[in-house]
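>>> Give me a model of this one.
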Amino acid sequence: MCQFQSLYQNKNGYVVKCNMCGHYQLGFASFMLTLLRNDFTTLCETVAKKLTSVNHDENENYKCILIPTIYQGVNILLTGPELHQLHTMLEDADVEEKTQSLISLFNIQN
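Predicted coordinates for the structure are as follows:
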């Protein structure tokens with residue numbers, strides 16, 4: 001049974017990681033994904049690349065930004081503002097995970 005550690009949560013979504021199996025769960029907009037560490041990292045990189053490569057100010061209210069997932073036939077379709085929100089969420093979750101990891105190193109040594 002999963003024991004989730006919260007890495008990020010706000011009104012737009014959440015990122016949690018299971019301390020038992022290491023899976024990540026991401027909830028945002030109207031989708032929820034469960035991912036392995038490598039897949040989560042790939043998604044973070046894909047979103048960051050898309051943020052720099054897409055002119056998201058044009059048609060900002062249209063869902064026209066496509067983010068592929070590891071699941072065949074499943075993609076994430078976002079507006080420009082949603083892409084920004086997702087990117088912020090993933091970055092903040094990554095920073096939180098690294099922070100918690102560093103804190104746990106100090107707790108083990110004491």
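
>>> Can you pull up the most central residue in the protein?
L90 (3.7 Å; CA atoms, centre = their mean).

>>> where do the strands sit along the chain?
Assigned by DSSP state E, the chain shows strands spanning 4-10, 13-18, 24-28, 31-35, 65-68, 75-78.

>>> Give me the nearest residue to the residue nearest to the centre of the chain, chain neighbours excluded.
Computed as CB to CB, 6 or more residues apart in numbering, the closest residue to L90 that is not its neighbour in sequence is C44, at 4.7 Å. To be clear about C-beta, it is placed using only N, CA and C from the backbone, and glycine gets the same treatment.

>>> which stretch among the strands of the chain comes nearest L105?
strand 4-10 (15.6 Å; CB to CB).

>>> Quick check: can you name the pairing partners of that closest one and their directions?
If you go by DSSP bridges, strand 4-10 pairs up with strand 13-18 (antiparallel).

>>> for this protein, which spans come out with low pLDDT?
Along the chain, the parts satisfying pLDDT under 70 run over 56-59, 108-110.

>>> one more time with 80
The chain contains residues with pLDDT under 80 at 1, 54-60, 106-110.

>>> Show me what counts as buried in the top helix by length along it.
Within the chain, and with DSSP state H defining each element, the longest helix by residue count is helix 80-109. For helix 80-109, a neighbour-count test (16 or more other CB atoms under 10 Å) marks G80, E82, L83, Q85, L86, H87, M89, L90, A93, D94, E96, E97 as buried.
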